[in-house]
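Asks: I'd like to go over a predicted model; first the sequence, then the structure.
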Amino acid sequence: METAQWKMDGVSLGPNSEAVTLKWENATFFSLEFNGTLFHGEVIENRMEEGKLLIKLNHRVFEISKDGPLDELIASLGLDKPKVRKLKQLKAPMPGRVVGVAVSVGSEVQPGDPLLTLEAMKMENVLKAEGTGTVKSIAVTPQQVVEKGEVLIEFE
């Protein structure tokens, strides 16, 4: 059976017979001993559904990826693309006051883009896009008080 191929910063690591000891402190922090040298690590970003990790070892950041035997077939079928949903509306997740709007009508948004800031219980919450879309209309203005479930932004 063919085994997975690991890459670090895009460079193939190849089969490794060196002794490596990995000890997890919790879900984020770990210690790694390689050839007698101890490295302290932290998982910065976990994107295992894409076969990638962003880690920090002794203050240096690395992207780790894994290419398995089925990855080429999955990519050729187009199944390796992350699913992104099309936005329809942004509704207020809680009652609060709109502090600011970060988009305008016609703006194209991608997942993670800030849309607006909502103050609730003296805390400012930045509401971000959870999909893609183009802003069709903005139903609120800064300083406006909104109720939970109220439509804030509509998308095309």
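Replies: Structure received. Numbering: from 1, shown residues only.
Asks: Return the residue of the protein that is most distant from the centre.
Replies: residue 36 (34.0 Å; Cα atoms, centre = their mean).
Asks: Can you give me the distance of that residue to residue 21?
Replies: Distance, residue 36 to residue 21, by Cβ to Cβ, to the nearest Å: 10 Å. Yep, even glycine has a C-beta here, placed from its N, CA and C like the rest.
Asks: With residue 33 instead?
Replies: 4 Å.
Asks: before we move on, what about residue 98?
Replies: Per Cβ to Cβ, residue 98 is found 52 Å from residue 21.
Asks: Compare those two (neighbour count), which wins?
Replies: residue 98 (21 against 9; other Cβ atoms under 10 Å).
Asks: ok, the more buried one to residue 137 distance?
Replies: In terms of Cβ to Cβ, residue 98 sits 15 Å off from residue 137.
Asks: Over to residue 56?
Replies: From residue 56 to residue 137 the distance is 42 Å (Cβ to Cβ).
Asks: before we move on, what about residue 27?
Replies: Distance from residue 27 to residue 137, by Cβ to Cβ: 41 Å.
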